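[1] predicted coordinates and the sequence they were generated for:
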Amino acid sequence: QVQLQESGPGLVKPSQTLSLACTVSGGSITTDYFYSYWNWIRQPPGKGLEWMGTIAPSGNTYYSPSLKSRTSISKYTSKNQFTLRLSSVSPEDTAVYYCARSERVGGSCDYWGRGTQVTVSS
């Protein structure tokens, strides 16, 4: 069974770049989970879940229009990881960030990480 674990700094200063990694265990993203789509989703305090973006098996990426200019998702097959970079952060980017797996772009996610709190503050 696939398991996902987010990692990265819990505190980022305004205008800096937020960088998170999601480590996949229970199988290889290049073989066992080759056809999986890997997602980043966040939940600001007191708000609902917000889809940020997805990386497809092909490596193609899909981003939320509201975040596209600041977001980059990549895969690192040698580490069995995929990553999120969000540039020019502001306090409005404070949220719990989740990584998750789906079977298509826009599909429901069936496996989730536990989430990691990221606070943007000086």
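    That came through, no problem.
[2] what's the helix or strand for the residue minimising distance to the centre of the chain?
    Closest residue to the average C-alpha location of the chain: Trp40 at 2.7 Å, with Cα atoms, centre = their mean. Using DSSP states H and E, Trp40 maps to strand 37-43.
[3] ok, Gly115 touching Glu6?
    Yes - with contacts counted by Cβ atoms under 8 Å, Gly115 reaches Glu6, the gap being 6.5 Å. The C-beta positions use only the backbone N, C-alpha and C, and glycine is treated the same way.
[4] wait, doesn't Met52 sit right on Leu84?
    Yes - contact criterion Cβ under 8 Å: Met52 and Leu84 qualify, at 7.1 Å.
[5] any common contacting residues for these two?
    40, 71 (Cβ atoms under 8 Å, 6 or more residues apart in numbering).
[6] so what pLDDT did the residue nearest to the centre of the chain get?
    We have a pLDDT of 98 for Trp40.
[7] thought it was touching Ser102?
    No - taking contacts as Cβ under 8 Å, Trp40 lies outside contact range of Ser102: 11.4 Å.
[8] and for the two, which residues touch both?
    Counting by Cβ under 8 Å, 6+ apart, the shared contacts of Trp40 and Ser102 are Thr54.
[9] any chance you could list what contacts stretch 99-114?
    Contacts for stretch 99-114 (Cβ under 8 Å, 6+ apart): 1-6, 20, 22, 24, 33, 35-41, 54, 56, 62, 82, 84, 98.
[10] check which residues of that stretch are buried.
    Neighbour-count burial for stretch 99-114, with 16 or more other Cβ atoms under 10 Å as criterion, is recorded at 99-102, 109, 111, 113.
[11] same check on stretch 54-62?
    Here stretch 54-62 shows 54-56, 61-62 as buried, counting by 16+ other Cβ under 10 Å.
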